[in-house]
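A.B. asks: Here is the input, now give the coordinates:
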Amino acid sequence: MSFHEQPHRRFNPLKNEWILVSPHRAKRPWQGQQDIQDTAVRPAHDPDCYLCAGNERAGGLRNPDYKNVFIFDNDFAALMPSAGCRVEKDKPLFRAALANGACRVMCFSPDHGKTLPEMPVADIRTVVDSWAAQEKELSAVHAYVQIFENKGAMMGCSSPHPHGQIWATDYVPAEPEREDAAQAEWFEQHQSAMLLTYAAQEADDGARTVAQNDHWIAVVPYWASWPYEILLLPRFAVQHMHALAPEERDALADIMKAVTIAYDNLFQTSFPYSMGWHGAPSATPDAPHWQLHAHFYPPLLRSASVRKFMVGYEMLAEAQRDLTPEAAAAHLRATDKIHYRSQR
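C.D. replies: Now for the predicted structure:
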C-alpha cells in the first residue's frame, strides 16, 4: 500500500501546518450531480451592471467609457487612507490597532461577458501589466499590497463583471506574514528559496503539474487543501510582480489563460475561485528567501454545483481532502485546451 491509497497527512511548508488526505474515499462511485453545460451567451455590455463602461456605480459615480483595464478606488472600501495609528495594548486579551490602507477595484476589460479564460492573451497581458503597476505604486507608501480576484457568486463576488481587487495596508497581513516566516526559516536552513526549489522539483516530477512554460509552472500543490487548488510559480528568482521582465509577463499571461481554461472545461462552467498574489512585503526589496506566487482556491468538488465544504473536522481540527493532488492534477491536465464556449 502507498500513500496514494492509505489515509495520510501531508505537510504544508508555507504555513507550517498539516493536512489530512483520505484517498480511499475517492473510490466511492462518482455519481454526483450532473449539471447542464453552461453555454449561455452573456452580453458584452449590461446596462444594469455598475462596473460596465459608461454606467453609474452603486456609489453614485459614473464609469468612463473605458476600452481596456479600468481601475478606481472602491466606493465601499474596507480600509481608510488615514485611520490614524492608535494602538490599544494595555489588556493582552483585548488588543486592537487602527488599520490604514487603500482599496481599489480593477475591471479586467469592458466586456461584461468574458472572464479571463475567454480573453485574448494580449488582453490578459494588459491585466498583468496593470497588476505590476499598481503593486509598484502602492508599495511605495504601504507595507503590503494584496492583489486578488473573487470569481463567481459562489465565492461571494458582488458583480458578474470580470474584475479583481487590490488592497494595500500599512501592515503585513496574517497569511503573507506566515509565508514570510516559513520561507525565511527555509532559506536559513537550506540557503535556497523554498518555492524556487519546489518549482524545480515539481517540474521534474510532473505528477501534480497542470500547465507549464519556460518561465512558469502551475501545480496542484503536494499539500493542497481545496480539491482543485493551484499554486502558480515562477521558475526563476523574483520577489515582486513589478520586477517581471517583458517575456516573463508574456509567459504569465499565457499560463493564466491555460490554467483558467482548464478550470472552466473541467465541469463546463465558469469555474469559481478566489485567486491572489503573494510577494515580498514592501519594506523588504532584497528578500532572497521570497518567491512571488499566486494561489487559486476553488471550491468545486464533483460538478458545477457540488462543492467542498471546509466544516466540521476542517474547522475544528485540520484541513482534509479525499481527492489526492495527483488525481486532481490529472483531471485538469486531461481537459481540452480550447475553451468549451469557443467550440459551440
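
A.B. asks: Send me stretch 225-233 as PDB with only the CA atoms.
C.D. replies: Extracted in PDB, the C-alpha atoms of stretch 225-233 (Å, rounded to 0.1, in the frame of the first residue of the first chain):
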ATOM      1  CA  SER A 225      -6.400  21.700   0.900                       C
ATOM      2  CA  TRP A 226      -9.000  22.500  -1.800                       C
ATOM      3  CA  PRO A 227      -9.900  19.800  -4.300                       C
ATOM      4  CA  TYR A 228      -8.600  21.700  -7.400                       C
ATOM      5  CA  GLU A 229      -6.300  24.200  -5.700                       C
ATOM      6  CA  ILE A 230      -3.500  25.500  -7.900                       C
ATOM      7  CA  LEU A 231      -0.200  27.100  -7.000                       C
ATOM      8  CA  LEU A 232       1.300  29.200  -9.800                       C
ATOM      9  CA  LEU A 233       5.000  29.600  -9.500                       C
END
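
A.B. asks: for the residue at minimal distance from the centre of the chain, what are its contacts?
C.D. replies: Centroid check for the chain by C-alpha atoms, centre = their mean gives residue 275 as the closest residue, at 1.8 Å. Going by C-beta atoms under 8 Å, 6 or more residues apart in numbering, residue 275 touches 148, 149, 151, 164, 294, 295, 296, 297. Where you see a C-beta, it was placed from the backbone N, CA and C, and this is true even at glycine.

A.B. asks: Filter these down to the buried ones.
C.D. replies: 149, 151, 164, 294, 295, 296, 297 (16 or more other C-beta atoms under 10 Å).

A.B. asks: helix or strand for the first one, which one?
C.D. replies: The reference is to residue 149. Here residue 149 sits within strand 144-151, counting by DSSP states H and E.

A.B. asks: Residue 21 versus the residue nearest to the centre of the chain, what's the distance?
C.D. replies: Here the criterion is C-beta to C-beta, to the nearest Å. By it, residue 275 lies 23 Å from residue 21.

A.B. asks: And for residue 265?
C.D. replies: With C-beta to C-beta as the criterion, residue 265 and residue 21 are 25 Å apart.

A.B. asks: So between the two, which is more surrounded?
C.D. replies: residue 21 (25 against 21; other C-beta atoms under 10 Å).

A.B. asks: which residues does the more buried one bridge with?
C.D. replies: Under DSSP bridges, the beta-bridge partners of residue 21 are residue 8, residue 321.

A.B. asks: The chain should start at 18 in everything you say after this.
C.D. replies: Sure, I'll start numbering at 18, so the last one becomes residue 38.

A.B. asks: In contact with it, which residues?
C.D. replies: Residue 38 neighbours (C-beta under 8 Å, 6+ apart): 20, 24, 25, 26, 27, 337, 338, 341.

A.B. asks: For residue 129, state which of those is nearest.
C.D. replies: residue 338 (34.7 Å; C-beta to C-beta).

A.B. asks: Quick check: the closest one touching residue 240?
C.D. replies: No - look at residue 338 against residue 240 with C-beta atoms under 8 Å: they stay out of range, at 9.9 Å.

A.B. asks: any common contacting residues for these two?
C.D. replies: With C-beta under 8 Å, 6+ apart, residue 338 and residue 240 have common neighbours residue 36.
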